[in-house]
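Novice: I would like to see how this sequence folds:
(one chain, ligands or ions: 2)
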Amino acid sequence: MNRILSLVNKLADKHSLELSEYEELIEFRNDESAKLLRTLAVNIRHKIYGHDIYIRGLIEITNICKNDCLYCGIRKSNTNCERYRLSPDEIIACSDEGYELGFRTFVLQGGEDSFFDDNILGGIVREIKARHSDCAITLSMGERSYESYKYLRDCGADRYLLRHETADRDHYMKLHPQSMSYDNRMKCLRELRGLGYQVGCGFMVGSPFQTVKTLARDLKFIEEFKPEMCGIGPFIAHKDTPFRDYPSGTLELTCYLLSIIRLIHPPVLLPSTTALGTINPLGREKGIMSGANVVMPNLSPVSVRKKYELYDNKICTGEESAQCRECLTQRMKSIGYNVVISRGDIYTFTHEASSESASVTL
Ligand code: 5AD
Ligand code: FES
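Specialist: Numbering: from 1, shown residues only. Ligands and ions are numbered 1, 2, ... in the order given. Model prediction:
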């Protein structure tokens, strides 16, 4: 068999490749390797999660941010960004509405906004948990101290999303201001893991200065860290950022990487992202058909949606939450998948698992 297809098979067997092999797999990709990766990724996903798709209700709680990431539309230097923050009551109302719509995971995402200190954010987490005890809470609020992560975990937060953005130190420095560091990002991820959070990392596909080498490092990092969740989506330029003139990441490479990540870490919870739906009208469907198993409809109040603009032309900014939920349910149905009402925790191998599950090599 040719070299690239044997790499795909090796990955499916061993869930691991050498750094140089990941580079080859990306550099010399072709339609055949993409098709084989997709087939193997979808197969193993079906063995673990069947045709179930998990949904997460995304609540964008603030677009105020002290950071200045060069790619991001809500960076502090963007004076054209109209700032907002939701009040604790508004956030809790979004979760109530989401619960009625069948969401059992809420993702509170925002910029690094000092208003949401431990007291305020912890209070919100406690209140949502008190009202909806069968739900998981995911935080996506950036870099915080160990003590803060610990406190929020004690308040009931179950999961934390903090994309590593790139596993290459030099690349990290080109995407971020000097005040931010690769080491601190990695330290946060390790601390979150140590505190018992289910942790999500991830990166943008096609970010400026990304190379086959940096992508191979991302894959090696994922192989070693084994995140419970992994968010990847195409980079899309925002007109008011220094990266305004850079091209978007592609649907093709994003789907290729989704398949690879599924094979590296079969049980990973892998969203088909809004950014993927933004660069192609059927992007989210194609992401699922490449091995993703999560979608994250927007639960933010429509009045603020347009303001949480990380990149240009973001979709779903005009629809009510119920419309977004329904739209995604239909989209998943159209490709043979079912959105389920579930917390959607990561599959873990247990002795009670059925013999069929036990035959899955994880
Ligand atoms: N294009 C695509 N994704 C982006 N993000 C931030 N800015 C952009 C952009 N211009 C992603 C980052 C961040 C997540 C919340 O959104 O990876 O971690
Ligand atoms: Fe939001 Fe389709 S998912 S409108």
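Novice: pull up the residues of the stretch 1-150 of the chain that are close to ligand 1.
Specialist: With the criterion set to Cβ under 6 Å from any ligand atom, the stretch 1-150 of the chain comes near ligand 1 through 71-72. For glycine as for every other residue, the C-beta is placed from the backbone atoms N, C-alpha and C.
Novice: now do 8 Å
Specialist: 69, 71-73, 109, 140 (Cβ under 8 Å from any ligand atom).
Novice: swap in the stretch 151-300 of the chain?
Specialist: So the stretch 151-300 of the chain meets ligand 1 at 161-163, 165, 202-204, 207, 231, 233-238, 241, 243, 248-249, 275 (Cβ under 8 Å from any ligand atom).
Novice: if we use 6 Å, what do you get?
Specialist: Near ligand 1, when you scan the stretch 151-300 of the chain using Cβ under 6 Å from any ligand atom, you find 163, 165, 204, 233, 235-236, 238, 275.
Novice: take those residues and keep only those in strands.
Specialist: Using DSSP state E, the members of those that fall in strands are 204, 233.
Novice: just the buried subset of the residues of the stretch 151-300 of the chain next to ligand 1, please.
Specialist: Among those, the ones that count as buried by 16 or more other Cβ atoms under 10 Å are 163, 165, 204, 233, 235-236, 238, 275.
Novice: how about those in TSV, adding pLDDT?
Specialist: What follows is these, written out as TSV (pLDDT from 0 to 100):
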residue	pLDDT
Arg163	98
Glu165	98
Met204	98
Gly233	98
Phe235	98
Ile236	98
His238	98
Ala275	98
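Novice: can I get the residues you listed in a markdown table including distance to Pro297?
Specialist: Shown next, in a markdown table, are those (distance: Cβ to Cβ, whole Å):
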| residue | distance to Pro297 |
| --- | --- |
| Arg163 | 19 |
| Glu165 | 24 |
| Met204 | 21 |
| Gly233 | 15 |
| Phe235 | 22 |
| Ile236 | 19 |
| His238 | 22 |
| Ala275 | 14 |
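Novice: which of these are close to ligand 2?
Specialist: Of those, not one also sits near ligand 2 (Cβ under 6 Å from any ligand atom).
Novice: for those residues, work out which two are farthest apart.
Specialist: Greatest spacing in these, by Cβ to Cβ: Arg163 and His238 (16.2 Å).
Novice: if we can go back for a sec, can you put the residues of the stretch 1-150 of the chain next to ligand 1 in TSV and add secondary structure?
Specialist: TSV is the format used below for these (DSSP: H, G, I helix; E, B strand; the rest coil):
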residue	secondary structure
Cys69	coil
Tyr71	coil
Cys72	coil
Gly73	coil
Gln109	strand
Ser140	strand
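Novice: for Leu19, state which of those is nearest.
Specialist: Tyr71 (24.8 Å).
Novice: who's in contact with the closest one?
Specialist: Taking Cβ atoms under 8 Å, 6 or more residues apart in numbering, we find Tyr71 in contact with 175, 204, 207-208, 235, 238, 241, 243, 311.
Novice: can you do 6 Å?
Specialist: Tyr71 is in contact with Phe243, counting by Cβ atoms under 6 Å, 6 or more residues apart in numbering.
Novice: from ligand 2, how far out is it?
Specialist: 23 Å (Cβ to the nearest ligand atom, to the nearest Å).
Novice: and what of Pro271?
Specialist: In this view, Pro271 and ligand 2 are 13 Å apart by Cβ to the nearest ligand atom.
Novice: so what's the residue count around the nearest residue to that residue once chain neighbours are set aside?
Specialist: Among residues not flanking Pro271 along the chain, Val294 sits closest, at 4.1 Å (Cβ to Cβ, 6 or more residues apart in numbering). Counted by other Cβ atoms under 10 Å, the residues lying close to Val294 total 22.
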